[in-house]
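> Let's see this in three dimensions:
(one chain, ligands or ions: 1)
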Amino acid sequence: MQRWPTAGVDEGRVLAVSQTQTSHEGTPDFKRSAALALANARLRAAMDAATRRQDTGRRTIMPELGDPLAIRELGARIKDHTLRNLDQYLAQLADKVRANGGHVHFATDADQARDLITRIARDAGVQRIVKSKSMASEEIHLNDALEAAGFEVTETDLGEYILQIAGEPPSHIVTPVLHRNREDIARLFADKLGMAYSTDPPTLTAFARRILRERFKAADMGITGANFGVAETGTICIVTNEGNGRFCTSRPRVVVTLMGMEKVIPRMQDLTVFLKLLAKSATGQRMTCYTNLMAGPRRPGDFDGPEEFHLVILDYGRTAILGSKYREALRCIRCGACLNACPVYRKLGGHAYQSVYPGPIGKVITPLLRSLPMYKDLPQASSLCEACYEACPVRINLPKLLLGLRDDLVKARKTPFAWRLGFKGWRIGMSSRWLYRTGSRIGRVFMSLLSRNGWVRRMPMPPGSIWTQYRDLPNLDPRPFHKRWAGLKQQLDKEGR
Ligand code: SF4
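I've put the predicted structure just below:
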């Protein structure tokens with residue numbers, strides 16, 4: 001039985017507080033932001049409905065692949081092969097992009113990437129920038145840097161545009177505004193954009209579209225992420241459902257693509273595997289509405305396209321993952337299926353994770369990309385139910401990676417002292433028959449004094465009190481397991497089974 005903490009929590013402040021992402025001194029405070037998110041019944045309901053809808057969409061459409069497991073394993077093998085030969089494929093991609101007339105830059109960290117892109121914009125005399133959705137740009141806080149440098153930046157994915165107006169980070173890697181319902185958005189458009197209040201989605205969309213059209217027309221520069229970079233041809237692939245990626249890459253005279261280094265794939269034919277997996281896993285669609293392939297700047301005779309194209313390839317912690325036991329995390333194609341399947345994400349939403357990447361993949365790559373001691377709570381925030389592993393189109397064994405991170409935390413003595421003491425006591429108790437039996441006898445008496453109708457609502461001390469802060473604890477069975485097992489065995493023997 002679960003209970004949600006609501007007393008004393010101002011629900012209206014939940015999102016805002018969880019966005020600030022830190023307690024004091026810049027340290028992420030996952031437990032606090034998770035408690036605040038759980039206290040928000042409206043958020044829980046919105047997340048639960050949206051993630052279940054997307055998860056059901058994925059489950060319904062995947063069988064259309066015929067043998068989905070075989071294609072998912074093929075995707076995993078292609079990614080593993082690429083990661084083993086990443087230097088070679090990145091060099092090939094860079095050569096091809098240059099041969100196509102583009103410029104290639106390598107950025108080792110966020111500062112370098114921000115400086116590079118700001119310099120490109122300055123050198124090209126840019127004033128107005130339109131952006132399509134890019135998680136890599138969220139990682140490096142690109143908008144803040146560009147705005148501080150005096151550029152006007154407009155997010156053009158509708159969800160990202162809403163978040164830009166609201167001043168919030170995304171809460172999902174595919175559908176960034178999943179946590180907000182249409183009433184929220186109607187209120188936001190009325191307050192910030194002066195639109196007459198309406199909760200009608202086509203009216204809201206048409207209003208945003210009119211603004212965005214003008215921004216597209218006026219933009220000097222487009223910035224995009226990359227879903228895939230094809231080494232064989234130097235082609236960048238961007239998929240969107242709104243066509244804004246196509247506008248960002250065809251209309252402005254300068255285009256910059258910011259690509260995480262793990263997004264390279266060897267050949268054009270590999271792209272077909274990932275396009276099938278990505279759309280189905282992300283949104284339950286057969287194909288994403290717009291699949292944009294871009295190979296450098298406009299050539300003579302081209303109808304549209306930029307005069308100048310830059311590819312910025314971002315490391316920012318990825319090389320360290322590549323050389324570690326966690327390499328398979330770099331297979332990720334950012335489909336968000338693991339988020340939709342995760343019972344923890346479904347309740348919390350994305351902001352509680354206090355990282356650009358939430359959900360199961362966020363719990364793995366955020367500590368790896370940034371800092372395990374700083375994000376030490378994230379690997380623990382999992383029931384290890386394996387729903388994420390079952391959903392992942394490239395077969396990343398996220399539960400195994402989470403256990404690896406927990407192991408690293410234990411070895412680095414980054415787990416709380418009380419835990420270490422508790423588990424030591426547990427090990428001693430479990431390795432002695434006498435201690436185990438005596439301990440369970442005492443526990444049974446203790447629990448029966450506290451329980452009502454088979455459940456304990458409040459344990460007086462940790463670790464039980466931490467559990468009963470949000471849930472009831474079932475009473476221990478009056479007959480210990482070994483006695484029940486002996487009885488069952490006797491019965492089976494009698495029945496000759
Ligand atoms: S880990 Fe797998 S399921 Fe999760 S976002 Fe990445 S590819 Fe998708």
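> Just the CA trace of the helix ranked longest in the chain, in PDB.
In the chain, with assignment by DSSP state H, the single longest helix is helix 41-61. The C-alpha coordinates for helix 41-61 follow below in PDB (Å, rounded to 0.1, in the frame of the first residue of the first chain):
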ATOM      1  CA  ALA A  41      -1.200  14.600  -7.700                       C
ATOM      2  CA  ARG A  42      -1.700  16.500 -10.900                       C
ATOM      3  CA  LEU A  43       1.800  15.800 -12.100                       C
ATOM      4  CA  ARG A  44       1.600  12.100 -11.200                       C
ATOM      5  CA  ALA A  45      -1.700  11.700 -13.100                       C
ATOM      6  CA  ALA A  46      -0.400  13.500 -16.200                       C
ATOM      7  CA  MET A  47       2.800  11.500 -16.200                       C
ATOM      8  CA  ASP A  48       1.100   8.200 -15.600                       C
ATOM      9  CA  ALA A  49      -1.400   8.700 -18.400                       C
ATOM     10  CA  ALA A  50       1.100  10.100 -21.000                       C
ATOM     11  CA  THR A  51       3.800   7.500 -20.400                       C
ATOM     12  CA  ARG A  52       1.300   4.600 -20.400                       C
ATOM     13  CA  ARG A  53      -0.100   5.800 -23.700                       C
ATOM     14  CA  GLN A  54       3.400   6.000 -25.300                       C
ATOM     15  CA  ASP A  55       4.400   2.600 -23.800                       C
ATOM     16  CA  THR A  56       1.200   1.000 -25.200                       C
ATOM     17  CA  GLY A  57       1.800   2.600 -28.600                       C
ATOM     18  CA  ARG A  58       5.300   1.000 -28.700                       C
ATOM     19  CA  ARG A  59       4.100  -2.400 -27.600                       C
ATOM     20  CA  THR A  60       1.300  -2.300 -30.200                       C
ATOM     21  CA  ILE A  61       3.500  -1.400 -33.100                       C
END
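> Helix or strand next in line after that helix, which one?
helix 68-84 (DSSP states H and E).
> Show me what that next one packs onto, helices and strands only.
With contacts defined as 3 or more C-beta pairs under 8 Å, 6 or more residues apart in numbering; DSSP states H and E, helix 68-84 has these neighbours: strand 264-265, helix 268-283. Every residue, glycine included, has its C-beta placed from N, CA and C.
> do it and the ligand meet?
No - legend: contact between helix 68-84 and the ligand by C-beta under 6 Å from any ligand atom is lacking; minimum distance shown is 8.8 Å.
> any idea of the mean pLDDT for the helix or strand following that helix?
Following helix 68-84 in sequence order, the next helix or strand is helix 86-99 (DSSP H and E). Mean per-residue pLDDT for helix 86-99: 98.
> can you list the weak-confidence ranges in this protein?
Low-confidence segments of the chain (pLDDT under 70): 1-26.
> residues from it in reach of the ligand?
281, 332-338, 361, 391-394, 396.
> Inside helices: which ones of those residues?
Per DSSP H, those map to helices at 281, 337, 338, 361, 391.
> Out of those residues, give me the one that has the most neighbours.
residue 337 (33 neighbours; other C-beta atoms under 10 Å).
> so that one sits right up against residue 58, yeah?
Yes - between residue 337 and residue 58 there is a contact at 5.6 Å, judged by C-beta atoms under 8 Å.
> what residues are shared contacts of these two?
By the contact definition C-beta atoms under 8 Å, 6 or more residues apart in numbering, residue 337 and residue 58 are jointly contacted by 281, 282, 391.
> Not counting sequence-adjacent ones, nearest residue to residue 331?
residue 79 (3.9 Å; C-beta to C-beta, 6 or more residues apart in numbering).
> picking up where we left off before, what's the spacing between the longest helix of the chain and its chain's center?
15 Å (C-alpha atoms, centre = their mean, to the nearest Å).
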